[in-house]
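**Student:** just coords:
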């Protein structure tokens, strides 16, 4: 209550002290986040999409997470998408009142032609945001599985969804400024959902991104660096292997680690459904018991 009279250093310490709460409350939600990940992985494996729906800060966070998956994991841009109340203009400038337009939330889901193969994730500091609530309800009507991320207590949550994730962060440092602790909690949860889903889809080997697309000089160099770290080869060998693999990092890793040619590496990856560790060992996915759905 006295933050307006504090010195800069003390204001920053207050904000930092409150931010430390966020990771703790998100940790408590891990069992629910795990259930959400299972739903997302199942949907994506079946050719469905993950569609985020939010308003204001929450909508922007969904769009940010969706936008970062293709360059990070080589996903199709249509696989993970974000919808925001007020449309594209709202990404860059606040459009007051857009979050209250429930009809537009339903229309946005219809426009995306959501089906039972998809999963729709509502994101809102409040469980009552009309645009988001209506969009999630409409998605459910169309047969999609649904997730809702809110920073209100679970005891106050009564919407009909498959999984509710409720990190209750408490009052904001600046009352009502949900871009702060609430936004941080939402960002952490989204990071956890898509990162874990991508790992379960075989897009990570050890702790490295191996499905990146070499569409820029930076990404070309990153691919070579990943190959060098994973296999221990030098720069020139990594460059040659990537050429032989048609620029496909996974194939190059299997070629070097399993000592096989590109054709055999591709065959192994196909048998392993893209899991590099399984492909190196020459197993099929069905034969490898380490790749299972999470059971909560």
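**Tutor:** Nice, I can see it. Please read these numbers as outputs of a predicted model, since none were measured by experiment.
**Student:** Tell me who's in contact with the nearest residue to residue 95 once chain neighbours are set aside.
**Tutor:** With C-beta to C-beta, 6 or more residues apart in numbering as the criterion, residue 95 has its nearest non-adjacent residue at 3.6 Å, and that residue is residue 86. To be clear about C-beta, it is placed using only N, CA and C from the backbone, and glycine gets the same treatment. Each residue near residue 86 by C-beta atoms under 8 Å, 6 or more residues apart in numbering is listed here: 55, 95, 98, 99.
**Student:** Please flag which of those sit within strands.
**Tutor:** Using DSSP state E, no member of the contacts of residue 86 falls in strands.
**Student:** Just send these back as a markdown table, with distance to residue 144 and pLDDT too.
**Tutor:** Formatted as a markdown table, these follow (distance: C-beta to C-beta, whole Å; pLDDT from 0 to 100):
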| residue | distance to residue 144 | pLDDT |
| --- | --- | --- |
| 55 | 19 | 96 |
| 95 | 26 | 90 |
| 98 | 22 | 93 |
| 99 | 21 | 94 |
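**Student:** If we only consider these, which is nearest to residue 277?
**Tutor:** Using C-beta to C-beta, residue 55 comes nearest to residue 277 of the contacts of residue 86, at 40.5 Å.
**Student:** Check which helix or strand the most centrally placed residue in the chain maps to.
**Tutor:** With distances taken as C-alpha atoms, centre = their mean, the residue of the chain nearest its centroid is residue 194 (2.5 Å). Applying DSSP states H and E as the criterion places residue 194 in helix 181-200.
**Student:** Tell me which other helices or strands the very next helix or strand once past that helix touches.
**Tutor:** Later in the chain than helix 181-200, the nearest helix or strand by DSSP H and E is strand 204-205. Using 3 or more C-beta pairs under 8 Å, 6 or more residues apart in numbering; DSSP states H and E as the contact test, no helix or strand touches strand 204-205.
**Student:** host element of the residue nearest to residue 95?
**Tutor:** Using DSSP H and E, residue 86 is not contained in any helix or strand.
**Student:** And it, how far from residue 101?
**Tutor:** Relative to residue 101, residue 86 is positioned 8 Å away (C-beta to C-beta, to the nearest Å).
**Student:** What of residue 236?
**Tutor:** Taking C-beta to C-beta as the measure, residue 236 falls 58 Å from residue 101.
**Student:** quick one, which of those two is more surrounded?
**Tutor:** residue 101 (18 against 9; other C-beta atoms under 10 Å).
**Student:** Where do the domain boundaries of this protein fall?
**Tutor:** 3-200, 204-287 (automatic domain parsing).
**Student:** Go through those domains and find the least confident stretch.
**Tutor:** For the domains of the chain, mean pLDDT drops lowest on domain 204-287, to a mean of 91.
**Student:** Please verify my assumption that the residue nearest to the centre of the chain contacts residue 67.
**Tutor:** No - Residue 194 is beyond contact range of residue 67, at 11.2 Å (criterion: C-beta atoms under 8 Å).
**Student:** which residues do these two both contact?
**Tutor:** Common contact partners of residue 194 and residue 67 (C-beta under 8 Å, 6+ apart): none.
**Student:** Please, where are all the strands along the stretch 51-200 of the chain?
**Tutor:** With DSSP state E, counting those that start in this stretch as the criterion, the stretch 51-200 of the chain has strands at 80-84, 119-124, 145-150, 163-165.
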